[in-house]
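>>> have a look; sequence and predicted model below, questions after that.
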Amino acid sequence: MSDNDYIYDKKGPPDPDVAKLEGLLGGLRFDRPPPVPRRSRRPFFVAAAVAMAAAAALILWVKWPRAADDQRVRAGLPDVGGGWSVESLAGRPTCGDAPCSILRPGDWLETDGEARARVMVADIGEMDVQPGSRLRLVATGPERHHLELREGTIDAVVTAPPRLLVVDTPTTTAVDLGCAYRLTVDAGGRTRISVSSGFVALEAPGRVTIVPAGASASSSRGSGPGLPVFDDARADFIAAADRLDADPGDARALDTVLLASRKRDSLTLWHLLPRVADGQPRMRLIDRLSEIRRPASREALMRLDPAALEEYRHQLDTPDSGSWQDERHVEPPNRK
Amino acid sequence: MIVPLELTISKEVGDLVRAARRGERRAFAELHRRYSRMVHAVLLARVPAQSAGDLVQDVFLAALERLASLRDDDAFGGWIAQIARNRATDHLRGRRETVEVDPELPSHGASAETSLEVARVLAVVRALPEAYRETLLMRLCEGMTGDEISEQTGLTPASVRVNLHRGMRLLRERLGLSRPEQEEEVE
């Protein structure tokens, strides 16, 4: 991903598409002086000043302040010196042994069985930390915000360009792609994510799981990010997907997944392609996926060609193939 | 004694609104200077370009007449944006049932090819969700930065950022520009 945010603040190398559209639409920019107000019961200042000119001898001239001179205040964020604001929602969230009101890089935020906290994630969102959690701010900066969730549950609502927020857990890294989600780590380090808006990517070396809104995925020690499954899938499909997470060679689980899958469950089936064995198991997956959307090349999918897989993912994630994307638009918090 | 005017015009929108309500023309002019681009973008998201410019002026005049009804002076931006949306709706309802010939064509300067491309882009933008199309026009047409959009509309910078990024993603797809996933290459 390009790290510049030209679309937002016009800084950095221009995005070619944005620059092209600016060139096209900029010709329509509004540039007219203010209209002359209709006569009202209150005399305008100018008229009054003219009437008073002889007595006051006060001369005014107009010099419009340039827009660049205006001070723009970041809405709603107090200056906390590089840390993130923490609000106690219940009990006594702590950093070290002290009540926590600011989370700074390197700090651990801990909540006991009763405490809950709300963390303002820089200027891109907020995160509720549930009871029984341990959360560390690893680093924060304009290009990336990095957290570690050792244990517990966080509910995050983030409105930011993709990859600006990442959360490490014992078994995976959750990469925010602009969304709202719940991330839970149990005492054994098993991670579960449920996404309610947008997308999250779970990443570990050699494996990526894309989790869209309405879906969940788990990650365990030794197996990395698991399969994403829509929460409204059939119960037998969900159970079979869980078994395939633990053992991709489970033939009966594969049978169930193939039989119980809806069009939209192509999300799970696509992620299964590189996880099942070559040959008959993968061929059966492609057969089922082909019923949903015919791929450009079955052979390319069989050999897990990266470009073919990526192209096919986009073809599956379209409305006529049972879109993976949540069509709802969730308004992010709009408080100043 | 000469008094530089910028020292006497408050930069706070609430003060400008109160001054305009008292009849101070320069305060009204300053409100127009600050918010006219935003209002124009809101209108352009709905009505032909040739109508949008005139409607900006109508909106400000209507706002001036209704200033007494504005409860929160600091919320002027969001308030006038809604007046603009309502005005656009009224305008579209009141149009005669004849086809406007090339209503998007600028009156001077642009080639026919450019004008057609502008019309095509505008049509696609207008088909986007409301939150995206207004914000995109504020940025791409009016040249406002994200911070300026936030300041004038009342949206948080985070909301503006989401609208711009997601709106731009949809715009790329529908205009057949570069693929949105090019923004998400693994580092």
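Thanks, I have the structure now. Because the structure is predicted, anything quoted here is derived from the model rather than measured.

>>> got a list of what A:Thr169 touches?
Contacts for A:Thr169 (CB atoms under 8 Å, 6 or more residues apart in numbering or on different chains) come out as A:Glu148, A:Leu149, A:Arg150, A:Leu183, A:Val185, A:Gly189, A:Thr191, A:Ser219. Heads up, the C-betas are built off the backbone N, CA and C, glycines and all.

>>> how about 10 Å then?
The neighbourhood of A:Thr169, defined by CB atoms under 10 Å, 6 or more residues apart in numbering or on different chains, consists of A:147-151, A:183-185, A:189-193, A:202, A:219.

>>> next: A:Asp107.
By CB under 10 Å, 6+ apart, the neighbours of A:Asp107 are A:Gly83, A:Trp84, A:Val86, A:Thr94, A:Cys95, A:Gly96, A:Cys100, A:Leu135, A:Arg136, A:Leu137, A:Val138.

>>> same thing with A:Leu269?
A:Leu227, A:Ala241, A:Val257, A:Leu258, A:Ser261, A:Val276, A:Leu285, A:Ile286, A:Arg288, A:Leu289, A:Ile292, A:Leu316.

>>> how close does the residue lying closest to the last one once chain neighbours are set aside sit to B:Gly154?
What it means is A:Leu316. Take A:Leu316 and drop its neighbours on the chain: the residue closest to it by CB to CB, 6 or more residues apart in numbering or on different chains is A:Ser266, 4.6 Å away. Distance of A:Ser266 to B:Gly154, given as CB to CB, to the nearest Å: 40 Å.

>>> which one's more surrounded, the two?
Of the pair A:Ser266 and B:Gly154, A:Ser266 is the one with more neighbours under other CB atoms under 10 Å in any protein chain shown, namely 24 against 19.

>>> correct me if wrong: the residue nearest to A:Leu316 contacts A:Arg288.
Yes. Using CB atoms under 10 Å, A:Ser266 is in contact with A:Arg288, at 8.5 Å.

>>> any common contacting residues for these two?
With CB under 10 Å, 6+ apart, A:Ser266 and A:Arg288 have no common neighbours.

>>> walking through the stretch 201-336 of chain A, point out its helices one by one.
A:235-246, A:251-260, A:266-272, A:280-292, A:298-302, A:306-316 (DSSP state H, counting those that start in this stretch).

>>> next, the buried residues of the longest one.
Of all the residues in helix A:280-292, those buried under the rule 16 or more other CB atoms under 10 Å in any protein chain shown are A:Pro281, A:Arg282, A:Arg284, A:Leu285, A:Ile286, A:Arg288, A:Leu289, A:Ile292.

>>> over to stretch A:129-140?
For stretch A:129-140, a neighbour-count test (16+ other CB under 10 Å) marks A:Val129, A:Gln130, A:Pro131, A:Gly132, A:Ser133, A:Leu135, A:Arg136, A:Leu137, A:Thr140 as buried.

>>> with just CA atoms, put the top strand by length along chain A into CSV.
The residue-count maximum for a strand in chain A (DSSP state E) belongs to strand A:145-158. Output of strand A:145-158 as CSV, limited to C-alpha atoms (Å, rounded to 0.1, in the frame of the first residue of the first chain):
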residue,chain,number,x,y,z
HIS,A,145,-0.1,2.1,15.2
HIS,A,146,1.1,-1.1,16.8
LEU,A,147,-0.5,-2.9,19.7
GLU,A,148,-0.1,-6.2,21.4
LEU,A,149,-3.0,-8.1,23.0
ARG,A,150,-1.6,-10.7,25.3
GLU,A,151,-4.9,-11.8,26.7
GLY,A,152,-8.5,-10.7,26.9
THR,A,153,-10.9,-8.9,24.5
ILE,A,154,-10.9,-5.6,22.7
ASP,A,155,-13.7,-4.1,20.6
ALA,A,156,-12.3,-1.8,18.0
VAL,A,157,-13.9,0.8,15.7
VAL,A,158,-11.3,2.2,13.4
